[in-house]
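S.K.: starting from these lines, generate the structure:
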Amino acid sequence: MKKDIHVAHSPDSDDAFMFYALATRKIDTRELNYVHTLSDIETLNKKAMKGEYEVSAISFHAYAYMADQYALLSCGASMGRNYGPIVVSGKPIRAKSLATNVVAVPGTLTSAFLTLRLFEPDVQYKVVPFDRILDEVQKGNYDAGVLIHEGQLTYRELGLHKVVDLGQWWLKQTGLPLPLGGNIIRRDLGQKLMERVAQDIRNSIQYALDHREEAMAYAIQFSRGLDTQRVDRFIGMYVNELTLDYGSEGRQAVRRLFQEAYKKKIIPDRVALEFI
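M.R.: Below is the predicted model:
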């Protein structure tokens, strides 16, 4: 009898691309049966706090509060090298003025919010569902908003202005890519099973990279209206060699993010990292 492993991730084109081979059974997972649950990242962050799924995509910010229960998989990370969440506004404003403007953010556990706080510790903010931030800023309901996902490629067409690209800022500060999301696995599965699952997910990512057109055709249904060219660009931004394995640079980037967050008292404790 097969053993169910519940895998939770976002209904986004990059996650869909990553998990395509697992979701459509393109790879042999032997006695393991992967059951997929799709939900927005802030919901996944909160459910992971309760240990709800064996495997879940999460924001690195949220991982600071669950490292005792979950280990990080060494594959499946989304990192921005000189790009990342973008703060946009309806009319041009200076980045230094964010402390006096209300910024719509996609959730307090997101890495986008953590990086915004590192950039401007005194930022005024309001939580808004990530897929409504573009519209809300365009309507003038908020002075600015933090864009994650596809809005990073489309905001100019709506007449919005870039205030700061947090991934570019982070690279200037640290010389490192900005860690945004990762995959975690529940420690109570035991070392052997954790390693098996890690290998299956790595195989899924490798399959998508090796069969790009096929995986893209599947992922485009999760792209919220982007054309094929932009979906391809978006996936390329967040599924790349660092997704297959953090490598020393990726691990260093995650450590640095948590060090800075702890130093600025954004997270309460130091985070011990273990990669499976």
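S.K.: look up how far residue 224 lies from residue 134.
M.R.: As for residue 134, its distance to residue 224 is 10 Å (criterion: CB to CB, to the nearest Å). (C-beta placed from N, C-alpha, C; glycine too.)
S.K.: repeat for residue 70
M.R.: Residue 70 sits at a distance of 28 Å from residue 224 (criterion: CB to CB).
S.K.: tell me the pLDDT at residue 224?
M.R.: Looking at residue 224, its pLDDT stands at 78.
S.K.: burial count for the nearest residue to it once chain neighbours are set aside?
M.R.: Once flanking residues are discounted, residue 224 sits nearest to residue 150: 5.5 Å by CB to CB, 6 or more residues apart in numbering. Neighbour count of residue 150, defined by other CB atoms under 10 Å: 22.
S.K.: for residue 150, what are its contacts?
M.R.: Contacts for residue 150 (CB atoms under 8 Å, 6 or more residues apart in numbering) come out as 12-13, 223-226, 230, 234.
S.K.: which of the residues you listed fall in helices?
M.R.: Among the contacts of residue 150, the ones falling in helices (DSSP state H) are 13, 230, 234.
S.K.: how many residues are close by the second one?
M.R.: In this case it means residue 230. When neighbours are defined as other CB under 10 Å, residue 230 has 16 of them.
S.K.: equivalent analysis for residue 111, please.
M.R.: 30.
S.K.: next one: residue 8
M.R.: Look at residue 8: counted by other CB under 10 Å, it has 23 neighbours.
S.K.: which strand or helix spans it?
M.R.: Here residue 8 sits within strand 3-9, counting by DSSP states H and E.
S.K.: circling back to that earlier point, name the nearest of the contacts of residue 150 relative to residue 109.
M.R.: The nearest member of the contacts of residue 150 to residue 109, counting by CB to CB, is residue 12 at 16.7 Å.
S.K.: ok, that closest one to residue 35 distance?
M.R.: Applying CB to CB, the value for residue 12 to residue 35 is 19 Å.
S.K.: okay, those two: which has more neighbours?
M.R.: Applying other CB under 10 Å to residue 12 and residue 35 shows that residue 12 carries more neighbours, namely 26 against 12.
S.K.: now do the contacts for residue 145.
M.R.: Shown in contact with residue 145 (CB under 8 Å, 6+ apart): 87-89, 103-105, 128, 133-134, 136-137.
S.K.: one more pass at 7 Å, please.
M.R.: By CB atoms under 7 Å, 6 or more residues apart in numbering, the contact set of residue 145 is 88, 103-104, 133, 136-137.
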